[in-house]
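K.L.:
fold the following.
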Amino acid sequence: MRRIVSVWLIDWPVSVRRRSLERARRPASPPDPALDPANPFALILKNRRGAAVIHALNPAARAAGLRRDQTQADALAMIPHLLCQPADVAADGRALEALAVWAERWSPSVSLDPSEEGLEGLFLDVTGAAHLFGGEAALLAAIRGRLAETGTAARVAMAPTPGAAWALARWGEGRDPIATDETVSDLLADLPVEALRLDERTITGARRLGLKTIGSLCAMPRSGLARRFRDGDAVGLVRRLDQARGHVGEALTPVRPPARYRAWQAFAEPLGDIAGVEARLPELAADLSRALERDGQGAKALTLTGFRTDGETTSLSVRMGLPGRDGTIWMRLFREAGFGRLELGFGLDALMLTADETEVMAARQGALESEAEARQAEDLAVLIDRLTARLGEGRVLTSEPVDSWIPERAERLVPALGRVPAPDTAEVGRRPILLLDPPEPLEDPVFDLPDGAPARFTWRRVSRRIVRAEGPERLSPEWWRPRPDGRETRTRDYYRVEDGEGGRYWLFREGRYGWDYTGEGDHRRAPSWWMHGVLA
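P.N.:
Below you'll find the predicted structure:
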């Protein structure tokens with residue numbers, strides 16, 4: 001049986017504004033009148049016609065007879081001392097998303113519920129999880145109590161469908177209504193038609209026909225509803241009715257994709273220091289590792305989320321190049337990432353460790369391959385993970401080949417995470433590890449025409465006599481890529497040379513004698529010699 005919790009955040013925009021004012025208030029400043037619950041207070045928003053109307057109001061303003069969507073002029077005529085401030089719908093939405101993440105302490109699947117009336121709320125899918133919190137009634141009481149501690153007034157209800165839970169949270173009787181498959185129809189029967197999340201036009205049409213409760217709608221045949229309502233209103237009415245009773249499914253979109261693997265732990269006393277968080281992480285890592293091992297999976301990305309007592313969350317994430325489930329390695333990576341980045345506020349009363357990205361871990365038999373090479377690759381992957389956790393993914397790089405004949409374009413730097421570099425034995429010793437950027441010119445080269453290697457040249461004011469040379473390695477120009485200076489690209493002949501002191505260099509001649517050194521323009525330029533790198 002599906003179990004959905006609807007959380008109705010009463011006067012949510014006012015709660016967000018009050019919290020914002022409390023944070024901005026300085027200790028020595030006088031109290032803000034908007035923070036006094038005895039003062040009527042309203043948030044104003046312009047409607048489509050450009051008129052200022054009430055978007056949200058506090059209980060004192062509601063008790064004085066004001067209502068939502070009432071114009072500001074009418075409200076001030078009724079209550080001249082009404083405090084008004086402009087509404088910030090975007091800030092309210094961001095705060096609601098942050099609260100949804102905080103509510104993941106009870107469910108991995110939390111969805112937003114911005115209703116048509118602006119009375120925002122949340123949907124929590126707690127199917128199969130209520131026993132972790134002492135039962136369904138205890139879970140609802142915990143949700144409502146924790147929200148009250150953060151200064152947020154809320155009503156909660158549980159039902160097999162989102163529509164039924166939504167209706168019971170707003171119009172249900174009792175403190176925390178709970179409906180099952182057997183009782184949902186009876187509990188919905190006496191609720192008003194507004195509980196079906198219908199638009200104002202449909203509600204008005206239903207009341208004109210005497211259909212004031214959900215039970216009266218259920219008693220009518222579908223064909224009768226279709227005949228009595230026009231312009232397609234019956235389609236929405238019947239669909240909402242079937243969704244609430246469970247005859248038609250209703251999908252919920254979580255704020256964040258639910259993590260398949262997670263470990264969660266709550267504390268009777270909030271954790272107020274980093275040492276407490278670090279001390280409890282091994283238990284979470286062990287629980288998560290067991291779940292991964294059961295399914296033959298390994299984690300490649302982890303997130304540690306702390307649920308603060310003030311209704312906020314703080315998190316720390318690490319990534320790994322290879323999948324794993326060793327809790328000791330995870331602890332080391334989180335230490336490298338820095339537990340100090342967690343903002344504990346007034347303390348954490350729950351911790352959650354999730355595997356955000358997983359991959360199948362294939363078994364490997366070490367006796368059939370080189371154990372030394374395998375261990376070296378694993379050690380290198382662990383080193384890359386630790387450096388990435390400490391410095392950031394964009395600061396630990398490795399080279400990746402690119403389809404280009406030109407050496408300076410033949411590779412690029414990419415994040416090393418997940419890419420354990422394997423040496424190309426075919427090119428070891430033939431190309432320098434680092435290239436000079438840009439290549440440096442050689443002075444006074446002495447060589448045999450047309451394609452001989454230089455016997456002597458001067459580089460960086462030092463004359464070098466060549467005793468060994470190998471080449472040329474001819475690289476054709478990429479004619480479709482013009483040079484930045486507008487000059488014509490020319491053929492390169494690369495040589496590996498060694499001088500009398502044992503220095504080994506990689507240099508090239510740009511241009512060819514008897515070929516490029518003819519004609520006009522760039523063709524009349526004599527070939528030039530350049531140093532491109534030093535060989536190990």
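K.L.:
state the distance from residue 147 to residue 89.
P.N.:
From residue 147 across to residue 89, the span is 21 Å (Cβ to Cβ, to the nearest Å). Backbone N, C-alpha and C define where each C-beta goes, glycine included.
K.L.:
of those two, who's got more company?
P.N.:
Using other Cβ atoms under 10 Å as the criterion, residue 147 and residue 89 rank with residue 147 on top: 23 against 13.
K.L.:
and the residue lying closest to that one once chain neighbours are set aside, what pLDDT?
P.N.:
Counting by Cβ to Cβ, 6 or more residues apart in numbering, residue 154 is the residue found nearest to residue 147 once chain neighbours are left out, at 4.5 Å. On pLDDT, residue 154 comes in at 92.
K.L.:
can you check residue 169 too?
P.N.:
The model reports residue 169 with a pLDDT of 93.
K.L.:
I'd say it and residue 177 touch.
P.N.:
Yes: the pair residue 169 / residue 177 is scored as a contact, 7.5 Å apart, by Cβ atoms under 8 Å.
K.L.:
beyond the lowest-mean-pLDDT helix or strand in the chain, next helix or strand please.
P.N.:
Using mean pLDDT, DSSP states H and E, helix 222-228 stands out as the lowest-scoring helix or strand of the chain, at a mean of 71. Following helix 222-228 in sequence order, the next helix or strand is helix 233-245 (DSSP states H and E).
K.L.:
state the mean pLDDT of that next one.
P.N.:
79.
K.L.:
and stretch 387-407, by the same measure?
P.N.:
For stretch 387-407, the mean per-residue pLDDT is 82.
K.L.:
again with stretch 452-459
P.N.:
Rounded mean pLDDT across stretch 452-459 is 92.
K.L.:
what residue ranges in the stretch 251-400 of the chain score low on pLDDT?
P.N.:
362-374 (pLDDT under 70).
K.L.:
just the helices in it please.
P.N.:
Along the stretch 251-400 of the chain, counting by DSSP state H, counting those that start in this stretch, helices occupy 274-294, 327-337, 371-391.
K.L.:
ok, back up a step: which neighbours do residue 169 and residue 177 share?
P.N.:
Contact with both residue 169 and residue 177 is made by residues residue 157, according to Cβ atoms under 8 Å, 6 or more residues apart in numbering.
K.L.:
quick one: which of these two has more around it?
P.N.:
With neighbours defined as other Cβ under 10 Å, residue 169 and residue 177 compare such that residue 169 has more, 27 against 22.
K.L.:
wait, what's in contact with that one?
P.N.:
Residues counted as contacts of residue 169 (Cβ under 8 Å, 6+ apart) are 6, 7, 8, 121, 155, 156, 157, 177.
K.L.:
what angle do the strand or helix carrying it and helix 233-245 make?
P.N.:
If you go by DSSP H and E, residue 169 is part of helix 162-171. Relative orientation of helix 162-171 versus helix 233-245 (axes from the mean of the first three to the mean of the last three Cα atoms, to 10 degrees): 90 degrees.
K.L.:
kindly export helix 162-171 (C-alpha atoms) in CSV.
P.N.:
What follows is helix 162-171, C-alpha atoms only, in CSV (Å, rounded to 0.1, in the frame of the first residue of the first chain):
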residue,chain,number,x,y,z
PRO,A,162,-1.4,12.4,-2.9
GLY,A,163,-4.9,13.9,-3.5
ALA,A,164,-6.4,12.3,-0.4
ALA,A,165,-3.4,13.3,1.7
TRP,A,166,-3.7,16.9,0.4
ALA,A,167,-7.4,17.0,1.2
LEU,A,168,-7.1,15.6,4.7
ALA,A,169,-4.2,17.9,5.6
ARG,A,170,-6.4,21.0,4.9
TRP,A,171,-9.9,19.9,5.7
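K.L.:
buried stuff in it?
P.N.:
162, 163, 164, 165, 166, 167, 168, 169, 170, 171 (16 or more other Cβ atoms under 10 Å).
K.L.:
so which of those is the closest to residue 14?
P.N.:
Lowest distance from residue 14 to those (Cβ to Cβ) belongs to residue 170, with 17.1 Å.
K.L.:
check contacts around the residue nearest the centre of the chain.
P.N.:
The centre of the chain sits closest to residue 256, judged by Cα atoms, centre = their mean, with a distance of 7.8 Å. By Cβ under 8 Å, 6+ apart, the contact set of residue 256 is 101, 104, 110.
K.L.:
quick one: which of those residues has the most company?
P.N.:
Going by other Cβ under 10 Å, residue 110 tops these with 27 neighbours.
K.L.:
that one touches residue 97, doesn't it?
P.N.:
No: applying Cβ under 8 Å as the test, residue 110 and residue 97 come out as separate, 9.7 Å apart.
K.L.:
overlap in contacts of those two?
P.N.:
In contact with both residue 110 and residue 97: residue 255, using Cβ under 8 Å, 6+ apart.
K.L.:
what comes up buried for stretch 406-419?
P.N.:
407, 415, 416, 417, 418.
K.L.:
picking up where we left off before, so which of the contacts of residue 169 are in strands?
P.N.:
Secondary structure defined by DSSP state E assigns 6, 7, 8, 121, 155, 156, 157 of the contacts of residue 169 to strands.
K.L.:
what's the per-residue pLDDT of the second one here?
P.N.:
It stands for residue 7. Value for residue 7, per-residue pLDDT: 95.
K.L.:
ok, now which ones touch it?
P.N.:
Counting by Cβ under 8 Å, 6+ apart, residue 7 has contacts 103, 113, 121, 122, 123, 124, 143, 147, 154, 155, 156, 169.
K.L.:
name the nearest residue to it, sequence neighbours excluded.
P.N.:
Distance criterion Cβ to Cβ, 6+ apart; nearest residue to residue 7, sequence neighbours excluded, is residue 122 at 4.3 Å.
K.L.:
so the one you found touches residue 106, yeah?
P.N.:
No: Residue 122 lies out of contact with residue 106 (Cβ under 8 Å); the separation is 10.1 Å.
K.L.:
picking up where we left off before, and the residue nearest to residue 147, how far is that from residue 412?
P.N.:
Per Cβ to Cβ, residue 154 is found 52 Å from residue 412.
K.L.:
same question, residue 81
P.N.:
According to Cβ to Cβ, residue 81 and residue 412 sit 67 Å apart.
K.L.:
got it, and residue 340?
P.N.:
Distance, residue 340 to residue 412, using Cβ to Cβ: 34 Å.
K.L.:
now do residue 477
P.N.:
Residue 477 sits at a distance of 20 Å from residue 412 (criterion: Cβ to Cβ).
K.L.:
ditto for residue 451
P.N.:
Distance check for residue 451 against residue 412: by Cβ to Cβ, it reads 31 Å.
K.L.:
can you check residue 473 too?
P.N.:
To residue 412, residue 473 is 22 Å away according to Cβ to Cβ.
K.L.:
try residue 122
P.N.:
From residue 122 across to residue 412, the span is 45 Å (Cβ to Cβ).
K.L.:
swap in residue 58?
P.N.:
Distance from residue 58 to residue 412, by Cβ to Cβ: 58 Å.
K.L.:
just residue 43 next, same as before
P.N.:
According to Cβ to Cβ, residue 43 stands 52 Å off from residue 412.
K.L.:
what's the answer for residue 30, then?
P.N.:
Distance of residue 30 to residue 412, computed by Cβ to Cβ: 60 Å.
K.L.:
what's the answer for residue 288, then?
P.N.:
Distance, residue 288 to residue 412, by Cβ to Cβ: 36 Å.
K.L.:
CA atoms of the host helix or strand of residue 111 as CSV?
P.N.:
Assigned by DSSP H and E, residue 111 belongs to strand 110-113. What follows is strand 110-113, C-alpha atoms only, in CSV (Å, rounded to 0.1, in the frame of the first residue of the first chain):
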residue,chain,number,x,y,z
VAL,A,110,10.2,14.7,-1.4
SER,A,111,8.1,16.7,-3.9
LEU,A,112,6.9,20.3,-4.0
ASP,A,113,3.2,21.0,-3.7
